[in-house]
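> Mind folding the following:
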Amino acid sequence: MALSPLSKSSVASSSFSPRTSATESSNPAMRPSPVTADAVKAKGGPGSLQGMFQADGFDGASGVGKQGGVQGNPLEQLSEIVQMLKGLLEMLGAQSSAGAQQGGVAGVEGAASKAGAAQGDVPDLGGDSFDGGVPDLGGEGVDSGAATQQAAASTPATQGAPAEQAAQAPASPKQEAPVSGAQSVGAPGASKGKNTITLNNDGDKPMTVNFTPNAGEKAVDSVTLKPGESKTVQFPDNWSGNFRSDNGDGKNATLGEVKFDGGFGQTYYDVSYIEGHNAAMTMQAEGGGRLSGTMDNLLASAPDSVKAKGADGAAYGIKKSTTSNVQDSEVVDFFRKHVGADQGYVIPTDDASTLGSNNSNLVVHMKNLA
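This is a model prediction of the structure:
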């Protein structure tokens, strides 16, 4: 662009003015329409408003003419530009949200936001963002959270049945009714499962059989048998313990001992005379097998010295063979004459008398001696 033919007298050599600086600038890029953020950010320098008026190619309503001279009052030009910028800022303030979402000119919006913040005309863009799409997302988040809470609330209801079943699990032992009461053989609905003992009263008097479980095993209710009556008792898995007749004073008694589900799945059993003898007893696997004990009436042939007597002085059986690991030799000798080495325990070391069977159903015959 050619410089205007200004005379030397019109230019003050000792001062700097917008008029003289406009003829010395060669940047035609700065125009009103492409106002950038730098135009508002700085007050001085080539990108400032002052620099715009110093630019040789700045055109406006009263801008620089083709001859390079500035037409009109610079203050009026500045006022018009300020009014134009104010209108632009108001327009940007009204459309800032849409402009931000549609990718508006970053430089102009940046300038508008900063200038508007200073003047209080332009809302904070962060606030606009919050008032725009963000609340919807937040609302969805709330709805999602509510849905999560509803799902969580419904989850225990879905799991309620298993929880109640788990809470009722301890009631399952009630299904083991045979443990707390015997089943009469041949009774309607009676069935014989595994781990059973069928008790037979072969005497002419009623008999009550008491069960003593080993440590940790479940207790089993007593069974009373009428003369000639039979009852079957079912035991829990792995049950072990002994049983006896309540005949006499309880100090001396014949024991039937059993261990279900023992080694190799066997059922082990024996008749023991170590604790005395008050009832004839035999044990055998159902269907046959080795027999433990004897049904002979040993009291009938026993000397008075080995007889067990009650408070009334009447004999009801035979004394114990061993008390606190001390053996009564007279009693031991008596039993040895009537009980075989593998037919029953006379002393604690008669392990040959422990019999085993793969049949878990046992048959016991009992008869009180007196």
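> what about stretch 298-305, average pLDDT?
Per-region confidence: stretch 298-305 scores 97 on mean pLDDT.
> List the contacts of that stretch.
Residues outside stretch 298-305 that contact it (C-beta atoms under 8 Å, 6 or more residues apart in numbering): 277, 280, 307, 315-318, 330, 334-335, 338, 369-370. Yep, even glycine has a C-beta here, placed from its N, CA and C like the rest.
> now do the same end-to-end measure for it.
End-to-end distance of stretch 298-305 (C-alpha to C-alpha, to the nearest Å): 14 Å.
> Could you pull out the buried residues of that stretch?
Leu298, Leu299, Ala302 (16 or more other C-beta atoms under 10 Å).
> most neighbours, which of the contacts of stretch 298-305?
Neighbour counts for those (other C-beta atoms under 10 Å) peak at His277, which has 36 neighbours.
> which residue sits closest to that residue, ignoring its sequence neighbours?
Nearest non-adjacent residue to His277, counting by C-beta to C-beta, 6 or more residues apart in numbering: Ile318, 3.9 Å away.
> Next, format the contacts of stretch 298-305 as TSV and append secondary structure.
Below are these laid out as TSV (DSSP: H, G, I helix; E, B strand; the rest coil):
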residue	secondary structure
His277	strand
Ala280	strand
Lys307	strand
Ala315	strand
Tyr316	strand
Gly317	strand
Ile318	strand
Glu330	helix
Phe334	helix
Phe335	helix
His338	helix
Leu369	coil
Ala370	coil
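> Among the residues you listed, show me the least confident.
Across these, the bottom pLDDT score, 93, is held by Ala370.
> For that residue, which non-adjacent residue is spatially closest?
That would be Tyr316: by C-beta to C-beta, 6+ apart, it lies 4.5 Å from Ala370.
> Next: Tyr268.
Lys259 (4.4 Å).
> Turn the buried residues of stretch 298-305 into a markdown table, including secondary structure.
Below are the buried residues of stretch 298-305 laid out as a markdown table (three-state DSSP):
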| residue | secondary structure |
| --- | --- |
| Leu298 | helix |
| Leu299 | helix |
| Ala302 | coil |
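> between those, which is nearest Tyr345?
In terms of C-beta to C-beta, no member of these lies closer to Tyr345 than Leu298, at 14.7 Å.
> From Val326, how far off is the closest one?
Per C-beta to C-beta, to the nearest Å, Leu298 is found 22 Å from Val326.
> and if you look at Val363?
Between Val363 and Val326 the computed distance is 34 Å (C-beta to C-beta).
> who does the host helix or strand of Gly241 touch, helix- and strand-wise?
Gly241 belongs to strand 240-245 when assigned by DSSP states H and E. When contacts are defined as 3 or more C-beta pairs under 8 Å, 6 or more residues apart in numbering; DSSP states H and E, strand 240-245 packs onto strand 207-213, strand 255-259.
> quick one, that strand and strand 207-213 angle?
Orientation check (axes from the mean of the first three to the mean of the last three C-alpha atoms, to 10 degrees): strand 240-245 against strand 207-213 gives 160 degrees.
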